[in-house]
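Participant: can't give you the sequence, but here's the structure:
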């Protein structure tokens, strides 16, 4: 009889915990293996979720930020981020096995790139790490009852691995810390990490980011090219939803001006098309 997914997970966990226990507990190495599917737009799903969607949001809001007062962009990275799992020739991680690690390392790189570009506008970018938190991610590794059984061991391991924050309250420590600091006092090449003592007291640690400026520019330019391609595609495409059905209309819009598209959209809403 074949082993169940649960049995295989437990066997793997037990076999490697003694040889790679600290590394696994501190970074999630080897267990945060996601199925990297493709979005309808043709992007790798984890890349789009963890990185590209955030990049697009910042670029779309850029003109609104940093005007009245200084603005912070705070990225949630991970200690699972590993430069060995990321390639500048495969930023979407189409050909790798650690898409989560790749996307989180890319998050660190993009944070540095944004900070270098936007400081003159009063916009500051910094990255944080929540540590190991009990969430849907961890429940995807092992079921809740197994985590309940090993929790005393995890609390003990905080003597050696401070990133075992476990609760959302402890995990938010770094986020709260950076929001209370003056923007210019934060180092964009430091990842601010939520840590927890063996007694459960949360505190903040620092992890140096060894990111080259040219590499940061390279990734930013690749994402910017992809972003501009999406803007062009959707500018030449009009999507209207009628009674819950989405109809995509591409032909005939390429030669029209933006004013004509706006007028048509307005008239559509006036006529009850939503």
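Facilitator: In hand now; what should we look at? This one's a predicted model, so the numbers in the text were calculated from it and none came from an experiment. Numbering: from 1, shown residues only.
Participant: what comes up buried for stretch 196-204?
Facilitator: 196, 202 (16 or more other Cβ atoms under 10 Å). The C-beta positions use only the backbone N, C-alpha and C, and glycine is treated the same way.
Participant: brain fart, stretch 168-188
Facilitator: Within stretch 168-188, judged by 16+ other Cβ under 10 Å, the buried ones are 170-175, 177-178, 183, 186, 188.
Participant: Same check on stretch 60-70?
Facilitator: 62, 65-66.
Participant: circling back to that earlier point, just curious, which of the buried residues of stretch 168-188 is nearest to residue 123?
Facilitator: residue 183 (8.6 Å; Cβ to Cβ).
Participant: any idea how far the closest one lies from residue 73?
Facilitator: According to Cβ to Cβ, to the nearest Å, residue 183 stands 10 Å off from residue 73.
Participant: Could you name every residue contacting both of the two?
Facilitator: residue 124 (Cβ atoms under 8 Å, 6 or more residues apart in numbering).
Participant: returning to what we had before: could I get the buried residues of stretch 168-188 as a markdown table with secondary structure, pLDDT and distance to residue 93?
Facilitator: As requested, these are exported to a markdown table (DSSP: H, G, I helix; E, B strand; the rest coil; pLDDT from 0 to 100; distance: Cβ to Cβ, whole Å):
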| residue | secondary structure | pLDDT | distance to residue 93 |
| --- | --- | --- | --- |
| 170 | helix | 95 | 29 |
| 171 | helix | 95 | 25 |
| 172 | coil | 95 | 28 |
| 173 | helix | 97 | 29 |
| 174 | helix | 97 | 25 |
| 175 | helix | 95 | 26 |
| 177 | helix | 97 | 30 |
| 178 | helix | 97 | 27 |
| 183 | helix | 92 | 31 |
| 186 | coil | 96 | 28 |
| 188 | coil | 95 | 24 |
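Participant: Out of these, which comes closest to residue 80?
Facilitator: Taking Cβ to Cβ as the measure, residue 80 sits nearest to residue 171 out of the buried residues of stretch 168-188, at 13.9 Å.
Participant: just checking, that closest one touches residue 194?
Facilitator: Yes. The pair residue 171 / residue 194 is scored as a contact, 5.1 Å apart, by Cβ atoms under 8 Å.
Participant: Strands of the protein, start to end?
Facilitator: Assigned by DSSP state E, the strands in the chain fall at 71-76, 123-129, 190-196, 202-208, 238-242, 245-249.
Participant: weakest of those in terms of mean pLDDT?
Facilitator: Sorting the strands of the chain by mean pLDDT places strand 245-249 lowest, at a mean of 38.
Participant: So, low pLDDT: which residues of this protein?
Facilitator: Within the chain, the segments meeting pLDDT under 70 span 1-34, 237-274.
Participant: One more pass at 50, please.
Facilitator: For the chain, the stretches with pLDDT under 50 are 1, 18-19, 22, 24, 26-27, 30-31, 239-258, 260-274.
Participant: Chain neighbours aside, what residue packs nearest to the most centrally placed residue in it?
Facilitator: Central residue of the chain (Cα atoms, centre = their mean): residue 50, 3.0 Å from the mean position. Of all residues not flanking residue 50 in the chain, residue 103 sits nearest, at 3.8 Å (Cβ to Cβ, 6 or more residues apart in numbering).
Participant: picking that back up, what's the most buried one of the strands of the chain?
Facilitator: Most buried of these, by mean neighbour count (mean count of other Cβ atoms under 10 Å): strand 123-129, with a mean of 25.
Participant: which residues touch that one?
Facilitator: 62, 65-66, 70-79, 107-108, 111-112, 114-115, 118, 163, 174-175, 178, 183-184, 186-188, 190-194, 207, 209.
Participant: if we go to 7 Å?
Facilitator: With Cβ atoms under 7 Å, 6 or more residues apart in numbering as the test, strand 123-129 has contacts from 65-66, 70-79, 107-108, 111, 114-115, 118, 174-175, 178, 183, 186, 188, 191-194.
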